[in-house]
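K.L.:
Only the shape, not the letters, is given here:
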């Protein structure tokens with residue numbers, strides 16, 4: 001007897017969402033760096049969430065100002081300090097050059113939520129195929145079949 005897949009197809013469940021299909025209210029979060037974040041669409045072609053600041057930044061450039069303005073001068077200054085025996089400059093030079101060689105960006109801080117600032121919605125998410133649905137940018141998605149149900153407008 002084979003341990004692989006059965007040659008008989010398994011019937012897909014039929015999606016019948018139960019519950020309120022209106023969108024969640026906007027949630028706000030705080031990053032460890034102190035920025036307030038909101039959820040936005042990841043990209044035009046990807047129906048998933050990303051976090052960005054209220055000014056629209058998804059990351060922060062933490063490079064020293066001289067490195068941002070004049071990188072060649074920053075590296076020259078670091079080499080000059082190393083030649084003068086500054087061990088801290090040697091450590092910085094070693095760490096930064098190794099990170100750049102490996103393709104790492106030590107100076108870029110990507111914003112991630114650490115704390116939720118807004119209250120959670122006072123209702124349960126809708127259910128589909130006996131599982132809570134996932135709130136995507138385009139609507140509620142069934143976690144079992146991945147079928148998407150567009151948000152409905154709130155009835156007043």
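P.N.:
Nice, thanks for sending it over. Fair warning: this is a prediction, and the values are worked out from it, not measured in the lab. Numbers count the residues shown, from 1 in each chain.

K.L.:
got the contact list for the lengthiest helix in the chain?
P.N.:
The longest helix of the chain (DSSP state H) is helix 87-101. Helix 87-101 is contacted from outside by 78, 79, 81, 82, 105, 106, using Cβ atoms under 8 Å, 6 or more residues apart in numbering. All C-beta atoms are positioned from the backbone trio N, CA, C, and that covers glycine.

K.L.:
And the strands in the protein, which stretches?
P.N.:
28-31, 36-43, 46-53, 59-61, 108-110, 113-116, 127-128, 131-132, 134-136, 139-141, 148-150 (DSSP state E).

K.L.:
Surely residue 61 is in contact with residue 110?
P.N.:
No: counting by Cβ atoms under 8 Å, residue 61 does not reach residue 110; the two are 11.1 Å apart.

K.L.:
where in this structure is pLDDT low?
P.N.:
Judged by pLDDT under 70, the chain has its weakly predicted residues at 1-12, 154-156.

K.L.:
how about 90 then?
P.N.:
1-14, 33, 59-69, 71, 74, 92-93, 95-112, 119-122, 153-156 (pLDDT under 90).

K.L.:
List the contacts of the residue nearest the centre of the chain.
P.N.:
Compute the mean C-alpha point of the chain, and by Cα atoms, centre = their mean the closest residue is residue 50, 4.0 Å away. Residue 50 makes contact with 39, 40, 41, 42, 43, 58 under the criterion Cβ under 8 Å, 6+ apart.

K.L.:
How about the contacts made by residue 24?
P.N.:
So residue 24 contacts 121, 125, 135 (Cβ under 8 Å, 6+ apart).

K.L.:
Appreciated, that's everything.
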